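Q: what follows is a predicted structure for the sequence shown.
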Amino acid sequence: MEQLRTIGRELAMGSQGGWGQSKEFLDLVKSIGEARSKAEEDRIITRELEHLKRRLADPDVPRRRMKELLLRLVYAEMLGHDASFGHIHAVKMTHDESLPLKRTGYLAVALFLDERHDLVILVVNTIQKDLRSDNYLVVCAALTAACRLIGEEAIPAVLPQVVELLAHPKEAVRKKAVMALHRFYQRSPSSVSHLVSNFRKRLCDNDPGVMGATLCPLYDLILEDPNAYKDLVVSFVNILKQVAERRLPTSYDYHQMPAPFIQIKLLKILAVLGSGDKQASGHMYTVLGDIFRKGDTASNIGNAILYECICCISSIFPNPKMLDAAAETTSKFLKSDSHNLKYMGIDALGRLIKINPDIAEEHQLAVIDCLEDPDDTLKRKTFELLYKMTKSTNVEVIVDRMIEYMINITDHHYKTEIASRCVELAEQFAPSNQWFIQTMNKVFEHAGDLVNIRVAHNLMRLIAEGFGEEDEGADSQLRSSAVDSYLRIVGEPKLPSSFLQIICWVLGEYGTADGKYSASYIIGKLYDVAEAHPTDDTVRAYAISAILKIFAFEIALGRKIDMLPECQSLVDELSASHSTDLQQRAYELQALLGLDKQAVESVMPSDASCEDIEIDRNLSFLNGYVQQAFEKGAAPYIPESERSGVVSVGNYRAQDHQETSAHALRFEAYELPKPSLPLAASQASISMPTTDLVPVPEPSYYKEDHPMSRSQTSSDSLSGEFGLKLRLDGVQKKWGRPAYSSSSTPSSSTSNQQATNGGASSEVGGSISSQARESSYGSKKQQSTEVSAEKQRLAASLFGKADRKAQAAARKTSKESPSTEKVSAAKATPQPAKEQVTPSAPPPDLLDLGEPVSSNPPLADPFTQLEGLLGPSSASPVVSETPASSSSKTPDLMSIFSDDVQTGATSNSTEPSLGVNVVAAKKGPSLQDALQKDAAARQVGVTPTGNNPILFKDLLG
């Protein structure tokens, strides 16, 4: 009755606009709940947003009324509508002094914004102020918002205050401070790496909530480096023991389980720390045994703790008693009527059989029941378990079940996974050649093109190489059975393309090897395949290559074979095909038919598909041709890694794109401009008839060549602002007729397309394991309940219960010669090494190139004029000609992109060049120094009017 009265009071308050909200808001919620379609809901929200826009535009809205309007905005945005016009009002509400309004503002801001939003910068200052508040509720609200809104760039602004709050007297503040530090670590580990010791200290906090919150960041740290936290194993075990013994307050109980989520997190941590460590695992056995004894299987949370215990035992150093306890709990899961508990049991059994495979014998009928369960998720989990249990004695039953299940499912992703597992099991545990070929045929026939092409290549390689044994008869029998099966299948419709490729390859290699089938019969079958797939060029290419191989083998054996008329028409058709690959194969077949026996044996040797091809990477057969080219005056090839002075403009574009795409605040100062080459040096360099690098514009859109009538001066001035190009004025052409490039040609150059020719090689990989586990499973006890004969036979096939005499003989043999095989509990996974990123050099200042100059030298030297203005004391020689070195050195124009202007570098040009020595002072780091020298320039009457005023600073010293 009391509950009915409470509900009645709440309904009365709701009808009158109770709970502190207006009747309009309650009507909005009611109308959305009663909407019959998404379109009707959208109309209601759109109407509401228009109303909120008008209300928020009113500057006289009361503060408490604004709170309700923000809640209505939150409601609209949570339903997927844009309410960005009200985000700024949420930011303003975080500044309010009223605690309810401030918390509402933080709630709205945390839901509206993220760390990359532009308005976050307005909230950071408020968070900093509220973290220093005396009201712990305000501090908690600020910490909650910091976890959501503080990004990597803003972490240093609030990090010191968050660290101070770890010692706050209120446990709620300490807990949220730990959570904020954990969030900062997830976003930027380097920013919090020096504060990791604070997590160790908070592990000993008096409040269980703070201790439980500390387990989350410690778990992430332990996953990254378990060895650094081995000393905490005893502490974790003691905490878990106290929690299991109910020493925590009852407020932490959940469904009468003491702090279950803290127990689960501790078990995950212990599983990582005890992996492969016998000493650390020894401290855990006692508390794990207590949890198993006190475990409650009547509730879901109790089963979750027991399942986590099983995962922990399967990860740490194995112990027989713990394994027995885990197996007993797994049996309870498998016998349950709940599909969820069965799923947990199958997963736990898959973990335990890695340590002790005999555990699966006790649960064989339960596994069969799960395999036949209509729940598809449970069935998939069972197939994963059977995949781990497969051996040579049960591979036929398991693979047949997998293929049967694969045929009936429509999920392409899982179908692909099942097909790859069937192929892997067939390669490892195939009992006979015929069964292997039949299994692979079923997989390719029903899986279609979902099978990875590497599987097809592995199958072809396996058929070619055999099973790696010395017996050639077994390999020949394997190939013969493959030919027989493929000749029966090749006529079926809708075969996958990858399967047809395998069929054509096998028929071409081994179709006539044993003499069972004539060459004309095999060629006819291959012709039918090519004709049935006129649009699949790959299948037709395999078919014509197979026909070529058969003709080659027959000619090598001295047999004369006539071309079938329909086959001749196919060759004529492919000779005129649009596909160059099919054309080449057809011409090769026609050329092969005209060769004699010795030529065919050398061109197409028999059974040479597995021979290793030696590749001459140095191309030594071209040495004679290269030597002749050197004698005629050709320049030697310089590898790209050894070329100097070549700058890739694509690197600059990639770097600019990376900088613009990064949403980050940059606080470092702008880079100072680099000194440029003096004007006279630029003119002297441009007049040189050598192939130099000069700037060139690179627009992103298509641009036509400039007309011939455009002057060289305008072209050079335009190209002096962007990019790089090669100047080829007056350089002898290396290709075509011997001629020289005209100096009046436009400066724009076309890009050369590079074509790389490479032969397509199919990746054939994967090693084939011929060893099978010889241990057989025997049933230890008979089932008390009666089961059907079919299930008993299936269980006997899966778990090795069919031949008891063989088991007895195996036991007798094992007693005489004990097995030395040991099963590893856990495999150490190597941690991938972190790649060291080498910082790239800053890009050159391509825009700092000074005034555009013309190609003709000026009549008067401007530097001589400047000497008169500056006076004899301040003038200094800028350009000096060195006739002695003019025959061996040329100016290096790439020096304009560096900080120091270097002297001229050597050039391979045959024409005489002028050496230019340039002396350019490096810019001072102080801006004040630059201003003083600029003022000095104005005092002597020089006004910097060019694009590069640094030139005058260099002249002044």
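A: Looks like it arrived, so ask away. Numbering: from 1, shown residues only.
Q: so how many other residues sit close to residue 74?
A: For residue 74, the neighbour count with other CB atoms under 10 Å is 18. For the C-beta atoms, the positions are set from N, CA and C on the backbone; glycine is no exception.
Q: so it sits against residue 106, correct?
A: No: using CB atoms under 8 Å, residue 74 is not in contact with residue 106, being 12.0 Å away.
Q: what do those two both touch?
A: Listed contacts common to residue 74 and residue 106 are nil; contacts here mean CB atoms under 8 Å, 6 or more residues apart in numbering.
Q: just the CA trace of the helix or strand hosting residue 600, in CSV.
A: For residue 600, the enclosing helix or strand under DSSP states H and E is helix 597-603. Extracted C-alpha coordinates of helix 597-603, given in CSV (Å, rounded to 0.1, in the frame of the first residue of the first chain):
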residue,chain,number,x,y,z
LYS,A,597,61.8,-31.8,-79.5
GLN,A,598,65.1,-30.4,-78.1
ALA,A,599,63.9,-26.8,-78.1
VAL,A,600,60.6,-27.8,-76.4
GLU,A,601,62.5,-29.7,-73.6
SER,A,602,64.6,-26.7,-72.8
VAL,A,603,61.7,-24.2,-73.0
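Q: what about it, average pLDDT?
A: On average, the pLDDT along helix 597-603 is 85.
Q: list the helices and strands it packs on?
A: If contacts are counted by 3 or more CB pairs under 8 Å, 6 or more residues apart in numbering; DSSP states H and E, helix 597-603 sits against helix 537-556.
Q: in the helix it packs on, what counts as buried?
A: For helix 537-556, burial by neighbour count (16 or more other CB atoms under 10 Å) applies to 538-556.
Q: same check on stretch 506-516?
A: 506-512.
Q: hmm, residue 187 is touching residue 151, no?
A: Yes: taking contacts as CB under 8 Å, residue 187 lies within contact range of residue 151: 6.8 Å.
Q: which residues sit against stretch 62-73?
A: 21-22, 25, 28, 48, 52, 55-56, 61, 83, 86, 89-90, 93, 96, 98, 100-101, 104-105, 108, 112.
Q: and residue 433, what does it touch?
A: Here residue 433 is in contact with 474, 477-478, 481 (CB under 8 Å, 6+ apart).
Q: about what we covered before: and the next element down the chain from the helix holding residue 600?
A: Counting by DSSP H and E, what follows helix 597-603 is helix 623-631.
Q: low pLDDT regions in the stretch 101-250 of the chain?
A: Within the stretch 101-250 of the chain, the set of residues satisfying pLDDT under 70 is empty.
Q: one more time with 90, if that's ok
A: Filtered on pLDDT under 90, the stretch 101-250 of the chain yields the residue ranges 114-116, 191-196.
Q: for the helix or strand hosting residue 141, name the packing helices and strands.
A: Element membership of residue 141, judged by DSSP H and E, is helix 136-149. For helix 136-149, the elements it packs on are helix 99-112, helix 120-131, helix 155-164, helix 171-187, judged by 3+ CB pairs under 8 Å, 6+ apart.
Q: got JSON lines for the ones you listed, with mean neighbour count too?
A: Listed next are the helices and strands packed on helix 136-149 as JSON lines, based on neighbours: other CB atoms under 10 Å:
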{"stretch": "helix 99-112", "mean neighbour count": "21"}
{"stretch": "helix 120-131", "mean neighbour count": "18"}
{"stretch": "helix 155-164", "mean neighbour count": "17"}
{"stretch": "helix 171-187", "mean neighbour count": "21"}
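Q: for residue 306, find the nearest of those.
A: helix 171-187 (27.9 Å; CB to CB).
Q: report the angle between the axes of that closest one and helix 120-131?
A: Helix 171-187 and helix 120-131 are oriented at 150 degrees to each other (axes from the mean of the first three to the mean of the last three CA atoms, to 10 degrees).
Q: so what does the helix or strand that helix 171-187 is followed by touch, helix or strand wise?
A: Under the assignment DSSP H and E, the closest C-terminal helix or strand after helix 171-187 is helix 189-192. With contacts defined as 3+ CB pairs under 8 Å, 6+ apart, helix 189-192 has these neighbours: helix 155-164, helix 171-187.
Q: returning to what we had before: in the helix holding residue 600, what counts as buried?
A: For helix 597-603, the neighbour count (16+ other CB under 10 Å) marks 600-601 as buried.
Q: what residues does it touch?
A: 552, 555-556, 558, 592, 595.
Q: domain ranges for the chain, per the record?
A: Residue ranges for each domain of the chain read 318-389, 391-440, 472-603, as given by the TED database.
Q: the shortest one: end-to-end distance?
A: Taking CA to CA, to the nearest Å, the first and last residues of domain 391-440 lie 18 Å apart.
Q: dump the contacts of helix 597-603 to TSV, plus distance to residue 173.
A: Output for the contacts of helix 597-603, formatted as TSV (distance: CB to CB, whole Å):
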residue	distance to residue 173
552	84
555	90
556	88
558	95
592	85
595	90
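Q: mind picking the two most distant members of those residues?
A: Counting by CB to CB, the most remote pair of the contacts of helix 597-603 is 558 and 592, 15.3 Å apart.
Q: compare the two (neighbour count), which wins?
A: Using other CB under 10 Å, the more surrounded residue of residue 558 and residue 592 is residue 592, with 17 against 7.
Q: what's the helix or strand for that one?
A: Secondary structure assigned from DSSP H and E places residue 592 in helix 580-593.
Q: now that helix against helix 537-556, angle please.
A: 10 degrees.
Q: so what's the residue count around residue 378?
A: For residue 378, using other CB under 10 Å, the count is 19.
Q: same for whatever helix or strand it lives in, what does it pack against?
A: According to DSSP H and E, residue 378 maps onto helix 376-389. The elements that helix 376-389 packs onto, with contact taken as 3+ CB pairs under 8 Å, 6+ apart, are helix 339-352, helix 364-371, helix 395-408, helix 412-429.
Q: hmm, 6 Å instead?
A: Helix 376-389 is packed against helix 339-352, helix 364-371, with contacts defined by 3 or more CB pairs under 6 Å, 6 or more residues apart in numbering; DSSP states H and E.
Q: give the rounded mean pLDDT of that helix.
A: Helix 376-389 comes out at a mean pLDDT of 90.
Q: pull the residues that contact it.
A: Contact with helix 376-389 is made by 339, 342-343, 346, 350, 360, 370-371, 373, 398, 421, as judged by CB atoms under 6 Å, 6 or more residues apart in numbering.
Q: and which of the residues you listed is nearest to residue 490?
A: residue 421 (26.5 Å).
Q: go ahead and confirm residue 526 touches residue 545.
A: No: here residue 526 does not reach residue 545: they are 9.5 Å apart, not a contact under CB atoms under 6 Å.
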